[in-house]
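In: 3D, please:
(2 chains)
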Protein chains: 2
Amino acid sequence: MSTYKAPLDDLRFALYDVLGAEALFARLGQADVNRELVDAVLDEAARFSETVLAPLNKVGDDIGCTYDKASGDVTAPPGFKQAFDQFVEGGWTGLTNAPEHGGQGMPAVVGAVLTEMVDAANLAWGNFPMLSHGAVKALETYGEDWQKKVFLEPLVAGTWTGTMCLTEPHCGTDLGLLKTRAEPVADDTYSVTGTKIFITAGEHDLVPNIVHLVLAKLPDAPPGAKGISLFVVPKFKVARDGSMGERNSVRCGAIEHKMGIHGSATCVMNFDGAEGYLVGAPHKGLQAMFVMMNSARLGVGVQGLGLSERAYQNALRYARERLQSRSLSGPKNPEKPADPIIVHPDVRRMLLSQKALIEGGRLLSLHAYSQLDIAEKSQDPAEREHADILAGFLTPISKACLTEWSIENTYNAVQCFGGHGYIAEHGIEQLARDARITTLYEGTTGIQSLDLIGRKTAASQGAGLKLFLAEVEAFAKQHEGDEALAEFIAPLRGKCSEWGKLTIDVLQRAAGNPEELGAASTDYLFYSGYVVLAYWWARSVAAANASSRPQAFKDAKRDTARFYFARLLPRTLAHKAAIESGAASLMAMPAEAFGAE
Amino acid sequence: MSTYKAPLDDLRFALYDVLGAEALFARLGQADVNRELVDAVLDEAARFSETVLAPLNKVGDDIGCTYDKASGDVTAPPGFKQAFDQFVEGGWTGLTNAPEHGGQGMPAVVGAVLTEMVDAANLAWGNFPMLSHGAVKALETYGEDWQKKVFLEPLVAGTWTGTMCLTEPHCGTDLGLLKTRAEPVADDTYSVTGTKIFITAGEHDLVPNIVHLVLAKLPDAPPGAKGISLFVVPKFKVARDGSMGERNSVRCGAIEHKMGIHGSATCVMNFDGAEGYLVGAPHKGLQAMFVMMNSARLGVGVQGLGLSERAYQNALRYARERLQSRSLSGPKNPEKPADPIIVHPDVRRMLLSQKALIEGGRLLSLHAYSQLDIAEKSQDPAEREHADILAGFLTPISKACLTEWSIENTYNAVQCFGGHGYIAEHGIEQLARDARITTLYEGTTGIQSLDLIGRKTAASQGAGLKLFLAEVEAFAKQHEGDEALAEFIAPLRGKCSEWGKLTIDVLQRAAGNPEELGAASTDYLFYSGYVVLAYWWARSVAAANASSRPQAFKDAKRDTARFYFARLLPRTLAHKAAIESGAASLMAMPAEAFGAE
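Out: Next up is the predicted model:
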């Protein structure tokens, strides 16, 4: 079985030493949030993740959720409910929610660290509390007062959970096609009818009520995406005083059999004239959906990060223990029959790739979360606006890169285990299967890439990129005379300048041919991700050197940064060439020529 | 469920138009092997794979093999035995084996095409007949006359199957560590005792007897890899007249629960004083093992190819059917609510990546097999020697690249399906899970990489590379004035020249520091694979243009080649940079600095 230990030391380094979280907390105007408190939260989150959640990871995979056709009930794997009860009792569900709804008002960066630990310990379990966040965000932003009053408190307390009901059998990305209808019944009450699929935590036995946020079309809806409205549809009807009433006519029709996250209930939800209430203005559901989605996207990136961390820890342990062959430069372990495989350069390449992508990716993600905090809580409107743009810009990069890297990291972990990685016993193949969902849900990597190059770059003349590049340049200037950083800052500056030119080049080509945006999109996203990581590795070295940590810690950060610049950053060369090759080689072939019909 | 249709048209194009198989058959001195016969074989192999094997692919995954602890028996999934009986009746098991042992003596290239179809249709099933090949090769090369007489005929006929018993719990790559012992009993009879793991088809109910080829150590064995001997140990003892006797004391102790290939029996085999017979000279088992292994390695590459082909076919069908969003350049399907996703550039990128890696990879693999044929059957000793070197050089490239690309190709197929790719219903996730074994067994990608840069390059001063580059240069010269090829030949020549320089550079650095070989190995292997594929794409365009095929076929080859050169070949830039960065960034960090113990 795979094991997990929360990487508290690197989490603290990322938060305090690199991102300067103490200054951030001060900027957010929250006097009660300080390092001492946050450290206590992290310690307790680590304990809970390691001792309660991690041991349930394998049973979740082996047994999974079960569905009873007669009742439509879904039962979570053994132990999941007990763990959820403890999570609720510990007040974890509302860690980052607003105090007026019962939350603890902690910054999003702290919530992200909790999420990393929870998802590393048990991704399938983590999906039950995760989906409530989007529901809370949507109701906070667009809900009527009575809706907030009735739904937010139990969602924040975790006594109920939420869902996001978007996808239908014939539409996922293109929600304009959706067929679920909402007929007005009285006042703001509607009758919702339709089938939703891939609904995470759509039905389960962890809590008595489930609050579905459902996209549907009103009878007078304009066609396409401009005709979508958002409704809240509880599993049990809820009176205006918050009391639970009779069962609503929404029922789970099946659960999916999936490659991984077996412990997570992925439900077909049938709404059959279910009572629902309009959230926000008619036909403005897509806007509300994006509020749910953006929060969820950064969260899925963190899922990838958590799985990567767990896979790395196990691969590293195995590489230190497994004796096989001798070092090419002579025995390193002469008293034993062979050397541990960590002596072999190619095993080190696989381990260092994981380490560099995880520790760098952690900063990419936490930085994005910190921008959410600033955008929400800073006293300075200009600062809020900048942070909002930067958060939007970093969200698709963080979601797509951290999840794609989780595929690579779990792949490398399996390779380190050799054939032992393929069998269930060691638990590594489960991590690879679980990771595989993360590049798909909440928008595939292709969709993130279009979001980055389209909405977040082309549509704003690169506003997010400009802010990011300015931040890098400020850092580079600040360390101009620092000899220890010169080897990193010079190539970083070169890449940033190249990134700007590539962007202008793509946008210019796209002005003449809109296919150019799509053709560049995924390579542009990866290119961006690798440059962003170069920044975080340079900053990590600077932060380590500036800290009072032991020399070995500083050396390890420097060595990992050197590995990153030497071995991973050059991937930008391939992505740049692909971007520059343009749309022609993708669009020339007629659809029928791809292969036999 | 995923479907499969044998790509006969492209298989024939590869064999006849590109590789000139008709001339090859003539060179092998086999008057009875001709295009008409081979075409009939391919048609029948396609029918068998599509109609008998492909429908059993899902039941093999769902039910898998079952193990009975009391008896040690293993039962293959429902239908597997019936399919195997048909396969045996059809004479397929001996397709490429020597006629003196009952085989049909067809060239290895033809066998490779059969293997591709079988493995695309049902990889788990394909493992049952596959392992016999290595056993036959080892016995043909090293077996005593009575061993050949007794074992080869039923193995070739498929009435018995074979295994390769190499791995033990504490040793896979480093076979010098193995603990299985063989004590002499009488004449060439030995008592074999030890535990072997990961034994494919080690126990099953498809045939009455199983012939294990087992690596073990004699009492007087020198330490390490130089002390390994090879033994044949049948499940039921066999008299010198070939009659089956009593049960031997070898027993399956468990089967592994794996990420994929559930229908393939992966066995723990316990040898408890089992009767065995020495194959070849004492302590020379490693040599015999490589005979088995090399045949198996090319075969595993073909497994990756087959899975890639099946995944692509299904992704392509889905991309043509699934309507989602509009083309960026305006509706392509205005009468429907959305366009098929194949209009989107990024979906095309994923499909074209698959197509280019599959069709190019097919040639890389078949070319390697054709060298095996020449090495074995050519009348010209110099030609045989060259072909042997080239086959050895191409084997790790073909094994590692085709299997790694199967990871990428099945990844891209899942991405094309979006969330639907993650659920079992569509059968795409099974292909991804099945593919995951191919980069692990018969030597991981890391081991193939060391084989390429070490044994196949450094140890021979690049003999294989020189032969390959000479072949490319001959092709380039031949087409020097061909305007249709200029866009491919110029960059191909550039890459070949760069490949040679990179190789010299690495070997020079390795002379001073042996870690440099390991540090470069995997990137060097990929670099090599992408350049080899560039050659096959250039040759594909040349062959298509020279053929009498329709213009649409020629255009499709040219468009795919253009995509390959524009979008995939630039990956060599990243690999080159990684190779040139040397060993320092991999070796600097002390093992304890990789993370907490």
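
In: how deep is A:Pro590 tucked in, by neighbour count?
Out: 11 (other Cβ atoms under 10 Å in any protein chain shown). For glycine as for every other residue, the C-beta is placed from the backbone atoms N, C-alpha and C.

In: ramachandran angles for it?
Out: Phi and psi for A:Pro590, reported as degrees, to the nearest 10, are phi -70, psi 150.

In: which residue, other than its chain neighbours, is closest to it?
Out: B:Ala552 (7.9 Å; Cβ to Cβ, 6 or more residues apart in numbering or on different chains).

In: state the distance from that neighbour to B:Thr200.
Out: 42 Å (Cβ to Cβ, to the nearest Å).

In: more neighbours: which of these two?
Out: Comparing B:Ala552 with B:Thr200 by neighbour count (other Cβ under 10 Å), the higher total belongs to B:Thr200, at 22 against 10.

In: hang on, the earlier thing: pLDDT score for the residue nearest to A:Pro590?
Out: Listed pLDDT for B:Ala552 reads 97.

In: would you mark the buried spots in the helix or strand harbouring it?
Out: Using DSSP states H and E, B:Ala552 sits within helix B:551-563. Residues B:553-554, B:556-563 are the ones in helix B:551-563 that count as buried (16 or more other Cβ atoms under 10 Å in any protein chain shown).

In: now, which of the residues you listed lie close to chain A?
Out: Among these, the residues lying close to chain A (Cβ under 8 Å from any Cβ of the partner chain) are B:556, B:559-560, B:562-563.

In: any residue of whichever strand or helix holds A:Gln415 touching chain B?
Out: Applying DSSP H and E as the criterion places A:Gln415 in helix A:381-417. Yes. Helix A:381-417 comes into contact with chain B (Cβ under 8 Å from any Cβ), by way of A:407, A:411, A:414-415.

In: between those, which is closest to chain B?
Out: Chain B lies nearest to A:Gln415 out of these, by Cβ to the nearest Cβ, at 6.0 Å.

In: measure that closest one to A:Ala311 for me?
Out: From A:Gln415 across to A:Ala311, the span is 11 Å (Cβ to Cβ).

In: check A:Tyr67 too.
Out: 29 Å.

In: just to revisit the earlier point, the more surrounded of A:Gln415 and A:Ala311?
Out: Neighbours around A:Gln415 and A:Ala311, counted as other Cβ under 10 Å, are more numerous at A:Ala311. The numbers are 32 against 20.

In: how long is stretch A:274-293 end to end?
Out: This stretch, stretch A:274-293, spans 24 Å end to end (Cα to Cα, to the nearest Å).

In: in it, what counts as buried?
Out: Quick answer for stretch A:274-293 (16+ other Cβ under 10 Å): A:274-280, A:282-286, A:288-289, A:291-293.

In: ok, stretch A:199-211 next?
Out: Going by neighbour count (16+ other Cβ under 10 Å), the buried part of stretch A:199-211 is A:199-204, A:206-207, A:209-211.

In: now for the residues you listed, which pair is the farthest apart?
Out: Greatest spatial distance among the buried residues of stretch A:199-211 (Cβ to Cβ): A:Thr200 and A:Asn209, at 16.6 Å.

In: ok, back up a step: who wins for neighbours among the residues of helix A:381-417 next to chain B?
Out: Neighbour counts for these (other Cβ under 10 Å) peak at A:Val414, which has 27 neighbours.
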